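Chemist: quick check, what structure comes out for this input:
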Amino acid sequence: MQQRAVRVGNVLRKLRGAMGVAVLSGVVLLSIRAVSLAQPAELLPVSPVLEPKATGGSISSDAGTSVASPSPLRVIAGKLKRGQTLARALKSQGVDRATIHQITAAMSGHFDFRRAQPGHRYEVTLDETGSLVGFRYLTSETEGFRVVGGPDGYRAEREEAELVSRVSRLSGVVSRSLFESVRDLGASPQLATDFADIFAWDVDFSRSIHTGDEFKILYERIYRVDSDRSETFIRPGKILAARFVGQVGDYTAIYFEEEPGRGGYFRPDGTSVERSFLLAPLRYGRISSRYTSARLHPILKITRPHYGIDYAAPANSPVWAVGDGTVIYRAWAGGFGNLVKVRHPGGYVSYYAHLSRFAKGQKVGDRVDQKQVIGYVGSTGLSTGPHVDFRMTHHGRYMDPMRVPSPEGRPISYEVAHLFEGTRDILLAELAGAPLFAVDEAL
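Modeler: Below is the predicted model of the structure:
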């Protein structure tokens, strides 16, 4: 009990000391600075990459224009355009062939510039004689390489940006879809995807979302720390707590790590949100046909049973296994088109029909995990449009996929139950606050 009090007290002190509130366009923004809740994975502090220094002979923008600077050093920076090579970009900004050769020679074995992509950024630093002082190349918002001089000449090394996380809260009401509602609030669509994934065992977001449903998300926002110590928003991080209140029910989940680096989502009572089977074999789709004993076939024009659920979705959308199991069929199957069948424990078999193609590298006999991609939405076989025909059998008999029993996953262990309760109370208190959200473009 004393251990729990110390742990919870420490987290509370962090929250109280780090919480900041600001107002943006009449909307209250909650920002909890540098707080590590529910033991998220630690971000290693490393050198920032590709940020123009305060001193430099000239600093070029992404378009390659230069700005004068009093320092003898000259800095040339830019961003690769479509169809442009690094050598061509540097030549256009006055970098000579010898310097370009020094850069490519140093980077040999670290990065092949034939794999350069539009949007990659670069920075070359030259001294007053035009000799190479340093080079940086950014392949993403957070990763890249740098070339530095030494007694044995120039050498390249990998760099990762320094990242920090802030905690924010998003709250809203569904108007058309969860995805659009989150996007309309100015947050990243990835946040909606992560939210839907958490409740995928309880809510079929293809058919169970209605206008007026409510959602709340307490989540990390990941920022890159630039060389001037300013921060640039990169992406949403881990969701720490979430709640969905809709016509299908009221669901809450909390992220908790029983061991460092091994975490998951649990209900407030400590039971896992995960179950043996997901409700749907894909993230977003529209049910175009339900399980029924009598349906007029759209192509054959005869009435016969339809022992599955058709999910209409864009062609080539990923289709995943609804539960752990073994692939027992993976081939053409007449009217089913490209079909995958997965055997699950307890005598269950799931079917995924009309696929455009199968996932690479899989074969009959392979084990697959829940949510592992096994194919892609298509319109093969007797089909009028891109969809997946999802079916379930139990000991050889078809059953409504929506009525398949799905046992819950492993609950919080007794040894850490008191720690979970303390973390749960803090996160739910923050989640239940007044409607607060952070707009990406305003931060």
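
Chemist: what sits against the residue of the chain lying at maximal distance from its centre?
Modeler: Within the chain, the residue lying farthest from the chain centre (Cα atoms, centre = their mean) is residue 129, at 46.2 Å. Listed by Cβ atoms under 8 Å, 6 or more residues apart in numbering, the contact set of residue 129 is empty. In short, each C-beta sits where N, CA and C put it, glycine included.

Chemist: buried residues in the host helix or strand of residue 99?
Modeler: Assigned by DSSP states H and E, residue 99 falls within helix 97-107. Of all the residues in helix 97-107, those buried under the rule 16 or more other Cβ atoms under 10 Å are 99, 100, 102, 103, 104, 106, 107.

Chemist: isn't residue 103 right up against residue 135?
Modeler: Yes: here residue 103 reaches residue 135: they are 5.0 Å apart, a contact under Cβ atoms under 8 Å.

Chemist: name the residues that touch stretch 241-255?
Modeler: Under Cβ under 8 Å, 6+ apart, the answer for stretch 241-255 is 38, 40, 174, 195, 198-199, 202-203, 208-210, 212-218, 238-240, 263-268, 273, 420, 423-424, 427-428, 430-431.

Chemist: among those residues, which are in helices?
Modeler: Among the contacts of stretch 241-255, DSSP state H puts 195, 198, 420, 423, 424, 427, 428, 430, 431 in helices.

Chemist: spit out the contact partners of the residue nearest the centre of the chain.
Modeler: Centroid-nearest residue in the chain, with Cα atoms, centre = their mean: residue 190, separated by 5.6 Å. Contact analysis of residue 190 by Cβ under 8 Å, 6+ apart lists 235, 236.

Chemist: what sits in contact with each of residue 103 and residue 135?
Modeler: 124, 147.

Chemist: ranges for the helices of the protein?
Modeler: Ranges of helices in the chain, per DSSP H, are 2-18, 86-92, 97-107, 178-184, 189-198, 417-431.

Chemist: kindly reformat these as a markdown table containing mean pLDDT and distance to residue 345.
Modeler: Formatted as a markdown table, the helices of the chain follow (pLDDT from 0 to 100; distance: least, Cβ to Cβ, whole Å):
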| stretch | mean pLDDT | distance to residue 345 |
| --- | --- | --- |
| helix 2-18 | 43 | 36 |
| helix 86-92 | 91 | 53 |
| helix 97-107 | 90 | 50 |
| helix 178-184 | 88 | 31 |
| helix 189-198 | 89 | 23 |
| helix 417-431 | 92 | 28 |
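
Chemist: so which of these is nearest residue 340?
Modeler: Closest approach to residue 340 among those is made by helix 189-198 (21.2 Å; Cβ to Cβ).

Chemist: tell me which residues in that closest one are buried?
Modeler: Per 16+ other Cβ under 10 Å, helix 189-198 contains these buried residues: 191, 192, 193, 194, 195, 196, 198.

Chemist: list the contacts of the second one.
Modeler: In other words, residue 192. Contacts for residue 192 (Cβ under 8 Å, 6+ apart) come out as 178, 179, 181, 182, 183.

Chemist: now the first one
Modeler: Each residue near residue 191 by Cβ under 8 Å, 6+ apart is listed here: 170, 182, 217, 219, 236, 239.

Chemist: what's the spacing between residue 338 and residue 374?
Modeler: Residue 338 sits at a distance of 11 Å from residue 374 (criterion: Cβ to Cβ, to the nearest Å).

Chemist: quick one on the thing from earlier: using a markdown table, please lay out the contacts of residue 192 together with neighbour count and distance to residue 352.
Modeler: As requested, the contacts of residue 192 are exported to a markdown table (neighbours: other Cβ atoms under 10 Å; distance: Cβ to Cβ, whole Å):
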| residue | neighbour count | distance to residue 352 |
| --- | --- | --- |
| 178 | 25 | 24 |
| 179 | 19 | 23 |
| 181 | 21 | 29 |
| 182 | 26 | 28 |
| 183 | 14 | 29 |
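
Chemist: chain neighbours aside, what residue packs nearest to residue 283?
Modeler: Of all residues beyond its chain neighbours, the one nearest residue 283 is residue 196 (6.2 Å), with distances taken as Cβ to Cβ, 6 or more residues apart in numbering.

Chemist: is it true that that neighbour touches residue 205?
Modeler: Yes: here residue 196 reaches residue 205: they are 4.7 Å apart, a contact under Cβ under 8 Å.

Chemist: not including adjacent chain positions, what is the nearest residue to residue 398?
Modeler: Distance criterion Cβ to Cβ, 6+ apart; nearest residue to residue 398, sequence neighbours excluded, is residue 307 at 3.8 Å.

Chemist: wait, isn't the one you found in contact with residue 401?
Modeler: No: if you go by Cβ under 8 Å, residue 307 and residue 401 don't touch, sitting 9.4 Å apart.

Chemist: more neighbours: those two, which one.
Modeler: The neighbour count for residue 307 versus residue 401, taken as other Cβ atoms under 10 Å, is higher for residue 401 (23 against 19).

Chemist: let me see the mean pLDDT of stretch 237-251.
Modeler: In this model, stretch 237-251 has a mean pLDDT of 93.

Chemist: now the longest strand anywhere in the chain against helix 417-431, angle please.
Modeler: Using DSSP state E to define each element, the chain has its longest strand at strand 231-246. On the basis of axes from the mean of the first three to the mean of the last three Cα atoms, to 10 degrees, strand 231-246 is oriented at 100 degrees to helix 417-431.
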